[in-house]
Each structure stands twice: as C-alpha cells, then as structure tokens.
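**Q** Got a sequence here, can you model it:
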Amino acid sequence: MIENRLILLLRKSKTLTQKFPSSNSREWKTFTTPCGFSTESQSRFYSSFQRLIPASDNPVARSFIGYGLRSLLQNNCKNFYKPSLRNCSTVASVSPKSTEALKLLVTAGPKAQKAVGIWLFVSAAWVFSMVVLGGVTRLTRSGLSMTDWKFTGGLPPLSDDEWLIEFEKYKQSPEYQRVNKGMNLDDFKFIYWMEYAHRMWGRALGIMFALPFSYFLRKKYITVQLGLKLSGLFALGAGQGLIGWWMVKSGLEEPVSEHTEPRVSPYRLAAHLTSAFVIYSGLFWTALSVVMPEPPTESVAWVKGAAKVKRIALPVSILVGITAVSGAFVAGNDAGRAFNTFPKMGDVWIPEDVFALKPLMRNFFENTATVQLDHRILATATLFSVGGLWWLTRKIDIHPAIRSLIGSTVGMAALQVTLGISTLLSYVPVSLGAAHQAGALTLLTLMILLNHTLRRPSLQLLKTLPAVAKTV
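**A** Purely as a prediction, here's the structure:
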C-alpha cells in the first residue's frame, strides 16, 4: 500500500510545475533541476512525505521509506547541486555584461588572444626595423639610387647588362651629376641594394600582415572593432609605399639653385617618417590592448594614483612625438651636418640667420639653423619634462609596475639626448645616426606603454578592488 502511494506521488511530482501556473495573486518562480523537479515541486514533494511516512505504524517501514526517498533522489538527481553551481560560475565568466565591460578585442579564447597578440607585436617590431633600415638608407645616401618605382616591386638586376642599365638611369639623376660624379659600378651596387632591401622589406611586411589577418578573420578570432582598426592600419601601410615614392621623386628633380645639393623634400620626408611612427604606434597600442585588456591595478588607491599620473604623462607624450617629428625635418634638411658643436651653435647660442627666410614660418621647416635650434630646444624640453614626470610622481601611490616604467622612461630620455649630442659632435656617422633614430622610437614606445598602463580599469574590475593594496 505504501509502495503504491509512493510511486503515484513520484509520478505526480514531475508535472507539478505545469499544474501550478502563474496567477494574478501569485507567480510561482520555479527552477527546473536536471532531474525534472523544480524548487517549488521539491518543497511540495517533501511536505507530502511528511504525511505519508506517519501513515505506517511500523517504525522499520518508516525508516525504509525515508531511506528509499533519499536514495531515489541521489540516483535520479545525481550531482544536483554541483552542476548548478558550476553552471552559474561559467555563465558569470562569459556573460554579455562581463564581456562588454572588459571590451575584449579577441573573444575566441586565450589561445586565439595569444596568437593575435604575438602577430601584432611581430608586426610592430617589423615596422620598427623598417624605420631603422630607412634611417640607414638615408644616412648612406642610398634613397635616390632607384629612379623608378612599381607597387608590387620586381627582381633586382641579375646580369651585368641589367646592372649597367640601372647604372645609366642613375647617371641621369641630379644626385649623380652633383654629388656622386665618377662613382663606379661597385659603389652603385651598394646603394642600390640598400634601397632595394628597404623597399622589399616593406612589401614583405605587407604580406606578413595580410596573410595572418585573413586567417584570423576567417576563424572569427577578431571582433568587428578590432577588424576595423587593423584594416585602417593596413590601408595606411599600403599608402606608406606611395608616400615613400612621392618623397623619393622630389629628390630626383633638379634643385632650384645650382649650388644646392639634391635631396628629398623635408616636408615629404617628415610625412613619410611620421606615417611610419603612426603605424607603429597603432600596432603597438592595439597589441597591448589584445593581450592586456585590463591595466595592472590591485586597489582603488592605485587607480586614483594612475589617474593623477596620466594627467602629467599625456602632455609629455605629445612633446615626445613633436620632438620626433622635428627630427625628421633635421634629417630632411641635413641639418645634423651643420653647427657640430654643443651646447653652443658654433660660437653663439642662437645663429643670426634663424629668421632669414620669408615668410617667417618657412624657417621652422626649411632653414637649417632654425630647424636644428628647434630640435635642440624640444629635445631639452623633453628631457626635463620626463624628469619632471618622475619627480612629480614620486609620492603618488601607484602600482610598482608604473613606477618602474617611469624610471625606465627617464633613463631612455637621458640616453636619447646623449645619443643626439654624440651624433652631432661626430658629424652624423651612420651607426650613431641610426641608433639615434631607433632611440626616438624606443622612447615613444615607452611613453605608449606608460599611457596604456595608466588606463582606467573596467567598472566590473573596479567594483572588486579593495580600497588599499595588500602589502606582504
């Protein structure tokens, strides 16, 4: 008798959720378990057994009924509690609110995030090497050795006849006529190979970027936001080749004065170098955002300290960028080979002809004396500004990683100024000139890293932070 009532009650309990629909007076909020029972059903089920068990006068029967109920629930609803908790934690970790708060650029998992991050860092390093190679090409006066340009490139001269044809083309250029008159074929081959390597290295970068980009898009590793950013950087990289040829073309034209050496337009060289810096900065910042979606922070106090540092670091970063661009005008005007003394420019602090050109603004971009004076002033201001950043943040409560990064930036700024002075006093040797250009990009890299580290964390992370960081 008891067994029959138990079986009947179990059958009825599986459909209790349907038999108790919501009404105007009360809504049943049920949670269906893996075995088919809802929370409301379980409470009714247990209360029914309170009436069922006393129906037997035999204490042994009552014990067996209770034991049978527990065994039944354990067998049919195995792992009832554990899966529900595990599912809750999983949902919390990948909920839309969490993803939106973090603003992840790669949502296909840690492995995809790592792969995309490595690819972007390698691309940024490739652009870095392009900038250094471009500086060596300019310092060795190799940039005007190739008198034509094709977007897809081509094979270099492979026979003596082909080399002679290329050499004859170069002999028609103003640089050969006024600077390299009498150059032999072996010397021409050296400058030709330098320019050819620079161009093909850039094309190889385009292929290295495009192929993984297509793969990641196909695998849906990349979000729409990241895809748009990378598409813009790829388009800018493709345009960089056109800007480079536009720059070289200006050096193949006859100079205005017969006493002027042929060289590329300082405006176009500055555009070419600035574009490379923008591409590098974009790639590096995006790579950091992929692998480090949240800034390093362990307390609300450190977040507030980072906000204070950011207000100082941002204008310093802008000054670093302006100083780097001014260096492009120094290179474009070949101003490093004039006034090779320091701290004075010759025997004076300020040359007399700093405003010799008309209109006045031309002096800041075309006058050798003015361009070098500007770069000296900007470099000195950058060094003191970075030093001031360190000084003003000494007593601010910030993350140790940020403090260490500020110290590294101060050291790099001092090294860069030392390289610049050494390059000037040594009359711009290729090694020091290339190191100075690499130093400018390294200093910019540290400033980008610093600003990225100073970002405000997401609201989700901010809510979980203690007021003060725990110290060991």
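**Q** can we go C-alpha only for contacts and neighbour counts from here?
**A** OK.
**Q** List the buried residues in stretch 305-314.
**A** 305-306, 308-310, 312-314 (16 or more other CA atoms under 10 Å).
**Q** now do stretch 426-434
**A** Neighbour-count burial for stretch 426-434 [16+ other CA under 10 Å]: 427-430, 432-434.
**Q** Would you tell me which one of those comes nearest to residue 204?
**A** For the buried residues of stretch 426-434, the minimum distance to residue 204 (CA to CA) is 21.6 Å, reached by residue 434.
**Q** and that closest one, what element?
**A** Assigned by DSSP states H and E, residue 434 belongs to helix 430-453.
**Q** what does that helix contact?
**A** 128, 131-132, 135-136, 139-140, 277, 281, 284-285, 288, 295-296, 310, 313-314, 317, 320-321, 324, 402, 405-406, 408-409, 412-413, 415-416, 419-420, 422-423 (CA atoms under 8 Å, 6 or more residues apart in numbering).
**Q** Pull out the buried members of those.
**A** Among the contacts of helix 430-453, those classed as buried by 16+ other CA under 10 Å are 128, 131-132, 135-136, 139, 277, 281, 284-285, 288, 295-296, 310, 313-314, 317, 320-321, 324, 402, 405-406, 409, 412-413, 415-416, 419-420, 422-423.
**Q** center of this structure - which residue?
**A** Central residue of the chain (CA atoms, centre = their mean): residue 285, 2.0 Å from the mean position.
**Q** in whichever strand or helix holds it, what counts as buried?
**A** Here residue 285 sits within helix 266-291, counting by DSSP H and E. By neighbour count, with 16+ other CA under 10 Å as the criterion, the buried positions of helix 266-291 are 266, 268-277, 279-291.
**Q** tell me the mean pLDDT over that helix?
**A** Computed over helix 266-291, the mean pLDDT rounds to 94.
**Q** following it, which helix or strand comes up?
**A** Per DSSP H and E, the first helix or strand lying C-terminal to helix 266-291 is helix 300-332.
**Q** Would you mind pulling up the elements that that following helix packs against?
**A** helix 266-291, helix 368-392, helix 430-453 (3 or more CA pairs under 8 Å, 6 or more residues apart in numbering; DSSP states H and E).
**Q** Adding distance to residue 256 as columns, could you present these in a markdown table?
**A** Converted to a markdown table, these look like this (distance: least, CA to CA, whole Å):
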| stretch | distance to residue 256 |
| --- | --- |
| helix 266-291 | 15 |
| helix 368-392 | 17 |
| helix 430-453 | 28 |
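**Q** Could you single out the nearest of the buried residues of stretch 305-314 to residue 262?
**A** Nearest to residue 262, judged by CA to CA, of these is residue 314 at 38.7 Å.
**Q** Spatially nearest residue to the closest one (excluding sequence neighbours)?
**A** residue 451 (7.1 Å; CA to CA, 6 or more residues apart in numbering).
**Q** ok, that neighbour - how many residues close by?
**A** For residue 451, the count of nearby residues is 18 (other CA atoms under 10 Å).
**Q** tell me the SS of residue 456?
**A** Using DSSP: H, G, I helix; E, B strand; the rest coil, the structure places residue 456 in coil.
**Q** Surely it touches residue 303?
**A** Yes - Residue 456 lies in contact with residue 303 (CA atoms under 8 Å); the separation is 6.9 Å.
**Q** Neighbour count for the two, which is higher?
**A** residue 303 (24 against 18).
**Q** ok, the spatially closest residue to residue 210 that is not a sequence neighbour - contacts?
**A** Using CA to CA, 6+ apart and skipping residues adjacent in sequence, the residue nearest residue 210 is residue 234, 7.9 Å away. By CA under 8 Å, 6+ apart, residue 234 lies in contact with 206, 209-210.
**Q** quick revisit: out of the buried residues of stretch 305-314, which is nearest to residue 241?
**A** When the buried residues of stretch 305-314 are ranked by distance to residue 241 (CA to CA), residue 314 comes first, at 30.4 Å.
**Q** what's the spacing between that closest one and residue 293?
**A** Note on residue 314: its distance to residue 293, by CA to CA, to the nearest Å, is 20 Å.
**Q** quick one: low-confidence parts of this protein?
**A** Within the chain, the ranges that satisfy pLDDT under 70 run 1-103, 258-259, 469-472.
**Q** For it, just list every one of the strands.
**A** Remark: strands of the chain are absent; assignment by DSSP state E.
**Q** Which residue ranges of the stretch 101-250 of the chain form helices?
**A** Counting by DSSP state H, counting those that start in this stretch, one finds helices in the stretch 101-250 of the chain at the ranges 110-139, 160-171, 174-178, 185-218, 224-251.
**Q** Just send those back as a markdown table, with distance to residue 349 too.
**A** Below are the helices of the stretch 101-250 of the chain laid out as a markdown table (distance: least, CA to CA, whole Å):
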| stretch | distance to residue 349 |
| --- | --- |
| helix 110-139 | 27 |
| helix 160-171 | 41 |
| helix 174-178 | 33 |
| helix 185-218 | 37 |
| helix 224-251 | 32 |
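**Q** Quick one: closest of these to residue 328.
**A** Residue 328 sits nearest to helix 110-139 of all the helices of the stretch 101-250 of the chain, at 10.1 Å, using CA to CA.
**Q** List just the one of the helices and strands packed on helix 300-332 that sits closest to residue 202.
**A** helix 266-291 (10.8 Å).
**Q** sorry, back to before: look up how far residue 175 lies from the residue nearest to the centre of the chain.
**A** Computed as CA to CA, the residue 285 to residue 175 distance reads 39 Å.
**Q** Then residue 119?
**A** Taken as CA to CA, the span from residue 119 to residue 175 is 40 Å.
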